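Peer 1: one predicted model, sequence on top.
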Amino acid sequence: MTFQRRFLDGIFGRRDFGLAQRAAEPLSLARRALALCLVAALGLGAGALDAAAHSRLVKSDPAARAVLSAAPKEVRLWFNEAIEPAFAKIWIIPAEGPQIPLANHRDDADPRLLVATLPDNLPKGPVAIGYRVLSVDGHVVESTLTFTVQTTTQNPT
Ligand SMILES: [Cu+2]
């Protein structure tokens, strides 16, 4: 584990883990996460076995790129394996300003489901959600998803 960490740090540098916090490009983030896992797999010589143990998002509600007529009350993230909420983080990435952390909890009926409560004053337009979970194999998986809350054109005038 220590060797693995040092190996990764040597290649990517520690600062890279903080990059996600200011990155606005989900694609490059996803690529980076994939690269991390591949490098880790090579470093371990475990190949497919290690990649198979890596947490990944399989479904979400709202779905990525969904366009909604009303602001949702929560974000639900389903993973391919059980997630430990204590080591999970979900946050809103505003167009400007600091991240807004969201309280999250695991669904009692499904250990693979993480639920984050959204604020009531969620602005209309695109909403970017960041999430970070700890895989069973010890790798941190971080990515984003974006959905859009439609601007209503109802004007009571
Ligand atoms: Cu992994």
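Peer 2: Thanks, I have it.
Peer 1: the residue lying closest to E84 once chain neighbours are set aside: how many residues sit nearby?
Peer 2: Using Cβ to Cβ, 6 or more residues apart in numbering and skipping residues adjacent in sequence, the residue nearest E84 is L134, 6.4 Å away. In short, each C-beta sits where N, CA and C put it, glycine included. When neighbours are defined as other Cβ atoms under 10 Å, L134 has 16 of them.
Peer 1: I'd say L134 and V140 touch.
Peer 2: Yes - with contacts counted by Cβ atoms under 8 Å, L134 reaches V140, the gap being 5.9 Å.
Peer 1: mind listing the helices for this protein?
Peer 2: According to DSSP state H, the chain carries its helices in the segments 2-12, 16-22, 26-44, 48-52.
Peer 1: for this structure, what helix or strand is lowest in average pLDDT?
Peer 2: Every helix and strand in the chain was compared by mean pLDDT, DSSP states H and E; the lowest is helix 16-22, with a mean of 44.
Peer 1: please save the CA atoms from stretch 60-68 in PDB.
Peer 2: Provided in PDB are the C-alpha atoms of stretch 60-68 (Å, rounded to 0.1, in the frame of the first residue of the first chain):
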ATOM      1  CA  SER A  60     -27.600   8.400 -10.900                       C
ATOM      2  CA  ASP A  61     -30.800  10.300 -10.300                       C
ATOM      3  CA  PRO A  62     -30.900  12.900 -11.700                       C
ATOM      4  CA  ALA A  63     -29.100  11.200 -14.600                       C
ATOM      5  CA  ALA A  64     -26.000  12.900 -16.100                       C
ATOM      6  CA  ARG A  65     -27.000  15.600 -18.600                       C
ATOM      7  CA  ALA A  66     -30.700  15.300 -17.600                       C
ATOM      8  CA  VAL A  67     -32.900  18.400 -18.100                       C
ATOM      9  CA  LEU A  68     -35.400  18.700 -15.300                       C
END
